[in-house]
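*Asks:* coords please:
(2 chains)
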There are 2 protein chains.
Amino acid sequence: MKNLPTLVLLTAVTAAFGQTMVSPEVHSDSRVTFRLRAPDAQAVTLRLEATRVPPMQKGERGIWSITTEPLKPDLYAYTFMVDGVKVLDPSNPALKYNLLNSESLLHVPGPATLLWEINDVPHGVIHRHLYRSAIVGDDRPFLVYTPPGYDPAAKRTYPVLYLLHGYSDAEDAWTSVGRANVILDNLIARGQARPMLIVMPLGYGNREVIEGGWQGLARPGVFQDSNEKSRDALLKEVIPQVEKAYCISSDRAARAIAGLSVGGTQSLLIGLNAPESFAWIGTFSSGGLDPEFEKVYPNVDESLNAQLRLLWIACGQQDGLIGVNRKLVDWLKSKGVEPAWTEIPGGHSFMVWRRLLADFAPLLFQAD
Amino acid sequence: MKNLPTLVLLTAVTAAFGQTMVSPEVHSDSRVTFRLRAPDAQAVTLRLEATRVPPMQKGERGIWSITTEPLKPDLYAYTFMVDGVKVLDPSNPALKYNLLNSESLLHVPGPATLLWEINDVPHGVIHRHLYRSAIVGDDRPFLVYTPPGYDPAAKRTYPVLYLLHGYSDAEDAWTSVGRANVILDNLIARGQARPMLIVMPLGYGNREVIEGGWQGLARPGVFQDSNEKSRDALLKEVIPQVEKAYCISSDRAARAIAGLSVGGTQSLLIGLNAPESFAWIGTFSSGGLDPEFEKVYPNVDESLNAQLRLLWIACGQQDGLIGVNRKLVDWLKSKGVEPAWTEIPGGHSFMVWRRLLADFAPLLFQAD
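*Replies:* Residues are numbered from 1 along each chain as shown, chains lettered A, B, ... in the order given. As a prediction, this is how the structure comes out:
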């Protein structure tokens, strides 16, 4: 067996007219065939992340299909459009779950050196907590990753990364899509990252910001309120709970905050305005940045360099948000702050964020 | 705010032509409106669990909709069919995830007395483990629910329920769809169930049984091999790990095994053939039962009555499997065994299994 998780490996087969249908079928040369049975549909198309695909063809028994060129090892989101309606692949149980736009997930397996591939190494545990938030006024989850070998009765404390998701993500996006647990398991096994806990809260501070769909993000009052309340829920509700339940440090030198897209912006709003709380800050493709940096980060000056161990700002080169992220870096430099800037190929995508987490985590909590 | 989880409450809104669309919309009188935008579709229908619904009507802007009669408080699976293709509701993030047939999930909220409703009570934690199985030859998860107040450093041990899912379920079906954690949180808060751990393994012992779709279940060799290997993975791999990682009892008097559908059959195969390991057995709508009971359970006789604290067999009255389950009860009685038989209204559905778990859990680990 290949060292891949059961649920992703599992290429489901659908019984149809006594025959079976596989989709997606990853061929030995990494071409991939997608199939959908839709005998009554007028038009079926495939949307495949980061890939141009030719039109699907209708074949026998009403099965539409297309085979791609060889694809690089990665996890690709995709959906079918059937007569203008989005359809998840009924033959594939692997999902990229999302609050506004769930998609099917294709895994093109790669070598074990790829950090998001499950290897035969010790694995950490993901813990799902549920609590009633007085600040937001709902019942909400947060997740905690404990590293391999974590001993709840140990006398030592572990460093902790507070890791924030993006807009429309669920609280489990960093593990279920981003494979943060797999990446950390692998890095720790190789001695390339320090054993750390990762705490993943829910990043919505009110219902309106997400119930309103993508329009919610565009509403300044709602968005700002959401960011402030989710900050308060993290600082005043989640962190006290995890510090009580787990052996983690409350020392700023052993605390990092990072996030992707809106979670990156939230990491800056929290971290740059409270450097006494976090010595390590990371942003991946920050989204929803208010370009009036002077107003948003009034306390930023060169004293940050002595306070922060790391201010790491990263973005994909094909991400439409790279411009505002570069402007942020330029502004920080104009204030005498020295951020670390990273850009890698790719768009606004977990394809980029998995790689960025693999770049970022090894930097954390290292001695000078 | 109502005491419901964020992600289920969250009635997502989709922006369309500057207007928003809500689906499903639960009205104050518990009627529910479903909406799908499909301007180019020839036919759109709604399949709603346990409910007859009239045809959907096409309205303005290509939006198809239907409003039901008032629905009883419950969780209902549903899908749209668009020109013959299954479509999940793009406006609703709540899913009934399944390896062969994911569906959208409608929550019609009910009073806090319903045990699957989240109440303002202490909550347990769900832990997701990943390990490499030598027996099955893959990397696979199992879940562990620890009850509210569970202290990993405690000297005491807790009783444990090994809880098995049904065919086509993922390993998290009992919590994500069955709400086992919510039900136990509520029962424990009321003093109606003893604090216990629940261990939920993955129930497939080979790939063929699930990759083959529903046909896999019909293949005796594959199905039997799957049941034997998943039994061995539970007994030889999962149980040793959880007994090492958690404060749980290895005493048979504090160990239960139960499951739904195929998981019920697996509970009988494991429990009735190893009464030295489990003193409590429960089955909910057992599926895949081999009616040659004499051959499958060769050691069953009246001595079981002294060994088992509980042999609980239950089924929905509208479940097609109720016949073979009744035959099993009759056969057990003919052997001098005294099972407890429970039937409640409903089909082969989590609507039944949530209620049955709420009936079963209070019986466990009680003194004589």
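*Asks:* What number of residues are in the vicinity of A:Gln307?
*Replies:* By the criterion of other CB atoms under 10 Å in any protein chain shown, A:Gln307 has 12 neighbours. Bear in mind the C-beta positions are built from the backbone N, C-alpha and C, glycine included.
*Asks:* Quick check: phi and psi at the nearest residue to it once chain neighbours are set aside.
*Replies:* In space, and not counting its chain neighbours, A:Gln307 is closest to A:Pro275: 4.3 Å by CB to CB, 6 or more residues apart in numbering or on different chains. The phi/psi pair for A:Pro275 (degrees, to the nearest 10) reads phi -60, psi -10.
*Asks:* how near is A:Asn98 to chain B?
*Replies:* Note on A:Asn98: its distance to chain B, by CB to the nearest CB, to the nearest Å, is 7 Å.
*Asks:* Oh, that last question was meant for A:His348, not what I typed.
*Replies:* For A:His348, the distance to chain B equals 19 Å [CB to the nearest CB].
*Asks:* surely that residue meets A:Phe284?
*Replies:* No: contact criterion CB atoms under 8 Å: A:His348 and A:Phe284 do not qualify, at 9.8 Å.
*Asks:* more crowded one of these two?
*Replies:* Higher neighbour count among A:His348 and A:Phe284: A:Phe284, with 34 against 20, using other CB under 10 Å.
*Asks:* if I look at the more buried one, how far off is chain B?
*Replies:* A:Phe284 sits 23 Å away from chain B, going by CB to the nearest CB.
*Asks:* in the sheet, who's paired with that residue?
*Replies:* Beta-bridge pairing of A:Phe284 under DSSP bridges involves A:Leu260, A:Ala314.
*Asks:* OK, contacts around it?
*Replies:* A:Phe284 sits next to A:258-261, A:263-264, A:314-315, A:352-353, A:356-357, A:360 when contact means CB atoms under 8 Å, 6 or more residues apart in numbering or on different chains.
*Asks:* Mind putting those into CSV with pLDDT and neighbour count?
*Replies:* Putting the contacts of A:Phe284 into CSV (pLDDT from 0 to 100; neighbours: other CB atoms under 10 Å in any protein chain shown) gives the following:
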residue, pLDDT, neighbour count
A:Ala258, 98, 30
A:Gly259, 98, 29
A:Leu260, 98, 31
A:Ser261, 98, 25
A:Gly263, 98, 30
A:Gly264, 98, 30
A:Ala314, 98, 28
A:Cys315, 98, 30
A:Val352, 98, 24
A:Trp353, 98, 29
A:Leu356, 98, 26
A:Leu357, 98, 29
A:Phe360, 98, 25
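*Asks:* residue ranges for the helices of the stretch 51-200 of chain A, please.
*Replies:* For the stretch 51-200 of chain A, applying DSSP state H, counting those that start in this stretch gives helices covering A:173-176, A:180-189.
*Asks:* looking at those, which is closest to B:Lys335?
*Replies:* Of all the helices of the stretch 51-200 of chain A, helix A:173-176 sits nearest to B:Lys335, with 46.4 Å by CB to CB.
*Asks:* elements contacting the closest one?
*Replies:* The contact analysis (3 or more CB pairs under 8 Å, 6 or more residues apart in numbering or on different chains; DSSP states H and E) places helix A:173-176 against strand A:138-146, strand A:197-201.
*Asks:* Looking at A:Pro275 now. What's its pLDDT?
*Replies:* Here the pLDDT value assigned to A:Pro275 is 83.
*Asks:* Same check on A:Leu9?
*Replies:* 29.
*Asks:* burial count for the spatially closest residue to A:Gln42 that is not a sequence neighbour?
*Replies:* Taking CB to CB, 6+ apart, and ignoring the residues beside it in sequence, A:Gln42 has A:Asp83 as its nearest neighbour in space, at 5.3 Å. By other CB under 10 Å, 20 other residues sit near A:Asp83.
*Asks:* Just list the residues touching A:Asp83, thanks.
*Replies:* Going by CB under 8 Å, 6+ apart, A:Asp83 touches A:41-44, B:38, B:40-42, B:82-83.
*Asks:* Rebuild the residues you listed as TSV, extending it with secondary structure.
*Replies:* Formatted as TSV, the contacts of A:Asp83 follow (DSSP: H, G, I helix; E, B strand; the rest coil):
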residue	secondary structure
A:Ala41	coil
A:Gln42	coil
A:Ala43	coil
A:Val44	strand
B:Ala38	coil
B:Asp40	coil
B:Ala41	coil
B:Gln42	coil
B:Val82	strand
B:Asp83	coil
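*Asks:* any idea how far the closest residue to A:Pro73 other than its chain neighbours is from A:Ser30?
*Replies:* Spatial nearest neighbour of A:Pro73, chain neighbours left out: A:Gly110 (2.5 Å); criterion: CB to CB, 6+ apart. Per CB to CB, to the nearest Å, A:Gly110 is found 9 Å from A:Ser30.
*Asks:* Give me the common contacts of the two.
*Replies:* Common neighbours of A:Gly110 and A:Ser30 (CB under 8 Å, 6+ apart) are A:72-73.
*Asks:* returning to what we had before: between A:His348 and A:Phe284, which contacts overlap?
*Replies:* What both A:His348 and A:Phe284 touch, as defined by CB under 8 Å, 6+ apart, is the set A:Ser261.
*Asks:* Tell me where the stretch 201-350 of chain A has strands.
*Replies:* Using DSSP state E, counting those that start in this stretch, the strands of the stretch 201-350 of chain A run over residues A:255-260, A:280-284, A:310-316, A:340-344.
*Asks:* can you tell which of the ones you listed is closest to B:Ser23?
*Replies:* Proximity to B:Ser23 (CB to CB) singles out strand A:255-260 among the strands of the stretch 201-350 of chain A, at 28.3 Å.
*Asks:* Between strand A:280-284 and the closest one, find me the angle.
*Replies:* Interaxial angle of strand A:255-260 relative to strand A:280-284 (axes from the mean of the first three to the mean of the last three CA atoms, to 10 degrees): 10 degrees.
*Asks:* Show me what strand A:255-260 is packed up against.
*Replies:* Looks like strand A:255-260 contacts strand A:160-164, helix A:262-271, strand A:280-284, helix A:350-360 (3+ CB pairs under 8 Å, 6+ apart).
*Asks:* Just tell me which of these ends up closest to A:Asn98.
*Replies:* Closest approach to A:Asn98 among these (CB to CB): helix A:350-360, 10.4 Å.
*Asks:* Show residues contacting the closest one.
*Replies:* So helix A:350-360 is contacted by A:49-50, A:74-77, A:96, A:115-116, A:173-174, A:177-180, A:183, A:187, A:258, A:260, A:282, A:284-285, A:312, A:314, A:316, A:319, A:342, A:344, A:346 (CB under 8 Å, 6+ apart).
*Asks:* So among the residues you listed, which ones count as buried?
*Replies:* Buried residues within these, counting neighbours by 16 or more other CB atoms under 10 Å in any protein chain shown: A:49-50, A:74-77, A:96, A:115-116, A:173-174, A:177-180, A:183, A:187, A:258, A:260, A:282, A:284-285, A:312, A:314, A:316, A:319, A:346.
*Asks:* Please convert the helices and strands packed on helix A:173-176 to TSV, extending it with mean pLDDT.
*Replies:* Formatted as TSV, the helices and strands packed on helix A:173-176 follow (pLDDT from 0 to 100):
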stretch	mean pLDDT
strand A:138-146	98
strand A:197-201	98
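*Asks:* Name every strand pairing with the one helix or strand A:Met21 maps to and say which way it goes.
*Replies:* Element membership for A:Met21, per DSSP states H and E: strand A:19-22. Its sheet considered, strand A:19-22 pairs with strand A:13-16 (antiparallel) by DSSP bridges.
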